[in-house]
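> With the input below, show me the fold.
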Amino acid sequence: MRHETFPSIRRAFRAFAAGLLGFSLLAVSAHAEPKKEFNIAWTIYVGWMPWPYAADSGIVKKWADKYGITINVTQINDYVESINQYTAGKFDGVTMTNMDALTIPAAGGVDTTAVIIGDFSNGNDGIVSKVAKTPADLKGQTINLVELSVSHYLLARALETAGLAEKDVTVVNTSDADMVAAFKSPETTTVVTWNPLLAEVKAEPGTASVFDSAQVPGEIIDALMVNSTVLADNPDFGKALAGIWYETMTLVTDPGDKGKEARAAMGALSGTDLAGYDEQLAATKLFATPAEAVSFTEGQELIKTMDLVRTFSFDHGLLGEGAADKDVVGIAFPNGDVLGSKDNVKLRFDASFMKMAADGAL
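Alright, predicted model coming up:
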């Protein structure tokens, strides 16, 4: 697989201050005007490839036409830049993780809704070492990863299982573009990364898989996030997105020729082939049906996960320099529960459009 085709930083934070550049200029209106044309952005990752495929195959147009709207699906080459552009108001929606949604747009004041919960990493992110075999063996090790990313979060979770903390290891910030080359050098013993890079470092002789995201299922979530005000004022936008996603999911999960053709196209769009794409899918827990996604989004485990995520984010200064505690940003869930400030809810998990799809009501 050709990892060089992937964005320079996939699912990573960068410095929070840089992410906030220009955010103060954006004020989300409580009463935005209804509109007919919408823009969503995506970056390359196994769980997000259905969006460009749906655009190329006519599925996006089919559902947009049904509701009398236009939906433009645009690739951005850099993941964090796609989120920055969304936060600055250039896009109505963007593909991103639960953690990034909290620490960039939500913490920056942009009310954001997870409208489609597509999957969670179930082995796509992992820790690989030449010297350690278990999380306990990581004590005293120097570990290369993309700092303040989901890789950093995964390391923290792994250390917890062994009764260790980050002070027990040394973290070296390493770009994902340099990760494989770094691991091949004698001085690098342990890395935390994601697929397809993860598959490459695991293939190196004399390595062990120490910990991966399958051991913290449901915590690294991949979603389509949209501007909450835009969604509230334009519910047909949400309906069309749900229709697009679940029609495409029927192809992603089809074991026959149509499914293989669709997955091969998604693989090609992401710089790999059918076999490579299927390998990445195997380490991804797809919510193939809307009922599965609704169940996950309405479940109590999601609330527990987001509490872990906001704790990590606050502890690492990702909720802003002025954040007094992890409650600064409110996170709302379908059952009405809110983590953090009820007066500053900026991240919402909404199952309503996925439920419409489950009920055949689109």
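
> Only C-alpha atoms from now on, for both contacts and neighbour counts.
Noted.

> Need the per-residue pLDDT for Asn77.
On the pLDDT scale, Asn77 is placed at 85.

> That one against Ala41, yeah?
No: with contact defined as CA atoms under 8 Å, Asn77 does not reach Ala41; the gap is 10.0 Å.

> who's more crowded, those two?
Using other CA atoms under 10 Å, the more surrounded residue of Asn77 and Ala41 is Ala41, with 25 against 17.

> element containing that one, please.
strand 37-42 (DSSP states H and E).

> could you say what helices and strands that strand packs with?
For strand 37-42, the contact count by 3 or more CA pairs under 8 Å, 6 or more residues apart in numbering; DSSP states H and E identifies strand 70-75, helix 79-87, strand 93-97 as packing neighbours.

> buried sites along that strand?
Phe38, Asn39, Ile40, Ala41, Trp42 (16 or more other CA atoms under 10 Å).

> Show residues contacting it.
48, 51-52, 69-76, 79, 82, 86, 90-95, 237 (CA atoms under 8 Å, 6 or more residues apart in numbering).

> now do 7 Å
48, 69-76, 82, 91-95 (CA atoms under 7 Å, 6 or more residues apart in numbering).

> got it, and stretch 192-205?
With CA under 7 Å, 6+ apart, stretch 192-205 has contacts from 1, 3, 124-128, 144-145, 151, 180, 183, 280.

> Spatially central residue in the chain, please.
In the chain, the C-alpha nearest the mean C-alpha coordinate belongs to Thr97, at 2.3 Å (CA atoms, centre = their mean).

> Now do the same contact list for that one.
Arg11, Ile220, Ile221, Asp222, Ala223.

> To what extent is the second one buried, counted in neighbours?
In this case it means Ile220. 26.

> pLDDT weak spots in the protein?
Residue ranges of the chain with pLDDT under 70: 1-33.

> pull the longest helix from it.
helix 235-252 (DSSP state H).

> and the gap between Thr284 and Ala55?
22 Å (CA to CA, to the nearest Å).

> Show me which of those two is the more surrounded one.
The residue with more neighbours, out of Thr284 and Ala55, is Thr284; 24 against 17, by other CA under 10 Å.

> from what I can see that one touches Asp125, true?
No: here Thr284 lies out of contact with Asp125, judged by CA atoms under 7 Å, at a distance of 9.7 Å.

> Show the residue spans covered by the strands in the stretch 201-350 of the chain.
208-212, 221-227, 284-286, 330-332, 338-339, 345-349 (DSSP state E, counting those that start in this stretch).

> Return the distance of the fourth one from the chain's centre.
Shown here is strand 330-332, whose average C-alpha point lies 18 Å from the average C-alpha point of the whole chain (CA atoms, centre = their mean, to the nearest Å).

> now do the longest one
For strand 221-227, the gap between its own C-alpha mean and the chain's C-alpha mean amounts to 7 Å (CA atoms, centre = their mean).

> And the shortest one, by the same measure?
The offset between the C-alpha centroid of strand 338-339 and the centroid of the whole chain comes to 20 Å, using CA atoms, centre = their mean.

> Just checking: what are the partner strands of it?
With DSSP bridges as the test, strand 338-339 is paired with strand 330-332 (antiparallel).

> for the second one, same thing?
For strand 221-227, sheet partners with direction are given as strand 93-97 (antiparallel), strand 112-121 (antiparallel), following DSSP bridges.

> Which segments of this protein make up each domain?
Split into domains by automatic domain parsing, the chain comes to 3-121+219-358, 125-215.

> picking up where we left off before, for the contacts of stretch 192-205, which one is nearest Gly317?
Using CA to CA, Ser151 comes nearest to Gly317 of the contacts of stretch 192-205, at 16.3 Å.

> Please tell me how far the closest one sits from Ala262.
29 Å.

> The two: which is more packed in?
Ser151 (25 against 21).

> Now do the helix or strand encompassing the more buried one against strand 208-212: the angle between them, please.
Per DSSP H and E, Ser151 falls inside helix 150-161. Interaxial angle, helix 150-161 versus strand 208-212 (axes from the mean of the first three to the mean of the last three CA atoms, to 10 degrees): 90 degrees.

> just how off-centre is helix 150-161 within its chain?
Centre-to-centre, helix 150-161 and its host chain are 16 Å apart (CA atoms, centre = their mean).

> Now the element after it, going C-ward?
Downstream of helix 150-161, the first helix or strand assigned by DSSP H and E is strand 170-173.
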